[in-house]
Structure formats: structure tokens, C-alpha cells
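Visitor: Got a predicted model here, sequence first, then my questions.
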Amino acid sequence: AQSVTQLGSHVSVSEGALVLLRCNYSSSVPPYLFWYVQYPNQGLQLLLKYTTGATLVKGINGFEAEFKKSETSFHLTKPSAHMSDAAEYFCAVSRRGDSSASKIIFGSGTRLSIRP
Amino acid sequence: EAQVTQNPRYLITVTGKKLTVTCSQNMNHEYMSWYRQDPGLGLRQIYYSMNVEVTDKGDVPEGYKVSRKEKRNFPLILESPSPNQTSLYFCASMDRQMTQYFGPGTRLLVL
């Protein structure tokens, strides 16, 4: 069975500092991996995804994530935090290759706060 | 404008009174899904549909029904709501590149 673990329900960084949000997954087959962002009182928006190819994936708003199969990780990073990055971030995984491909598992989320 | 719409956005009801939350997308996506979001639990998939007349259970299907009679619509039905179904519900559709597009959410309170 697939699962997703996001380490840290709340992360706080200073404006301009590095953002690192951690995500580990378990999957019996190579997965599809996603990061979504949710701003207050809004739906979710895709930040980036890994489906195939290059393991370093660049997304919107300066975020990127690296798929590391050996570590079963897909951590999200941004070199310099902006106040507008304050939101909740969700990692998600989906199986590939068979009829289960569309069952999607989300992590419990990490709330990112930015200190002025 | 490409979008996923949900109605109603807010709903207060009583235990046992059947309700339907509608979801519609205008992007011609084959895949649609329903999630519930609860504090500390993230999003959990209730049901998904890979095409018209094709639906399957997600992780938390108990107490919910869905139908997919046409591609654009994917209503969520609560036949006999209970207080533990109080939650924030999201509908989403997904394109062939596996990008999901989420609706604005429906906040449901069951008394």
C-alpha cells in the first residue's frame, strides 16, 4: 500500500531564508509524486510533479523538488522565502502503470509560516 | 475560463437528511475525484472516476455515493449524513499529464 509522510506539521522560516519541506513516501512500484499548495480559504494548486525523466523538478513560484528513489523522498525546497509563500503544502503520491494509477494519497500537510 | 465549480459552498444540515454536492468541470477531463479535508489528516480521497460510468472507491468511501452519467459532472451524495461527515470537501478533475484542478471547496456541517 502507498503512504506519504510529511515531517513537521508546521515549519517557520525567516523571509529570505531557505525553505525545506520534507516528504517521504512508500510505494511498491515507482510512483508519480506531487506537491500542492493551499492558500487560506482556497482550493489546492499544483506546485510541481514528478512523473518521469529528470529527478530534479522545477515548479511555480521558485519551488523545486528532487525525487530520490534510494531515500524514498521528494523534499520541496525554495532558496529564498517570501512572505507570499505562507500557506499549507501537501505532498501526494499515485501509483503508476495499472488501474490503480488514479488513486491518490495525500500527506497530512505542512503549514509554512514566514517571519518578517 | 477553465475551472471546477462546486455547489453549494457552505451547507448546514441535520443528521439523516439526504444531500447532494454538485461538481462540474469545463475542461473535458476524463478523471474526476472527491476528497475530504480534516485538520491534521490532509486530504483523503472518497471516490474517483476514470470516465463516464466508471467509478471506484478511494480511502474513505463509507457513507458516500457518487455517479458519473456525463463527463462534466460528478456529484457527491450523502444519503444519510452523520456528524462525522462534517468536513471540507473538494472536487477535482485531472488532465492526461496528471495535473489535478481543484474546486473551491464545500464546507459541510452536520448537526
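Guide: It's in. Keep in mind it's a predicted model, so treat the numbers as computed, not measured.
Visitor: so the spatially most central residue of chain B is in which element?
Guide: Ranked by distance to the mean C-alpha position of chain B (CA atoms, centre = their mean), the top residue is residue B:34 at 3.2 Å. For residue B:34, the host element (DSSP states H and E) is strand B:31-38.
Visitor: Parallel or antiparallel, list what pairs with that strand.
Guide: Applying DSSP bridges, strand B:31-38 is found paired with strand B:42-51 (antiparallel), strand B:87-94 (antiparallel).
Visitor: Isn't residue A:3 up against residue A:105?
Guide: Yes - with contact defined as CB atoms under 8 Å, residue A:3 counts as touching residue A:105 (6.4 Å). C-beta coordinates here come from the backbone N, C-alpha and C atoms, glycine included.
Visitor: okay, now residue B:74: neighbour count?
Guide: 29 (other CB atoms under 10 Å in any protein chain shown).
Visitor: wait, what's in contact with the closest residue in space to it that isn't next to it in sequence?
Guide: Leaving aside its sequence neighbours, residue B:74 sits nearest to residue B:32 (CB to CB, 6 or more residues apart in numbering or on different chains; 4.1 Å). Contacts for residue B:32 (CB atoms under 8 Å, 6 or more residues apart in numbering or on different chains) come out as B:23, B:25, B:48, B:49, B:68, B:74, B:91, B:92, B:93, B:94.
Visitor: what is residue B:32 paired to in the beta sheet?
Guide: residue B:49, residue B:93.
Visitor: Also residue B:102?
Guide: residue B:92.
Visitor: Run a quick neighbour tally on it.
Guide: 22.
Visitor: ok, now how distant is it from residue A:46?
Guide: Per CB to CB, to the nearest Å, residue B:102 is found 9 Å from residue A:46.
Visitor: likewise residue A:39?
Guide: 13 Å.
Visitor: more neighbours, these two?
Guide: Ranked by neighbour count (other CB under 10 Å), residue A:39 and residue A:46 place residue A:46 first, with 19 against 13.
Visitor: hang on, isn't that one packed against residue B:98?
Guide: No - checked against CB under 8 Å, the pair residue A:46 and residue B:98 is beyond contact range at 9.2 Å.
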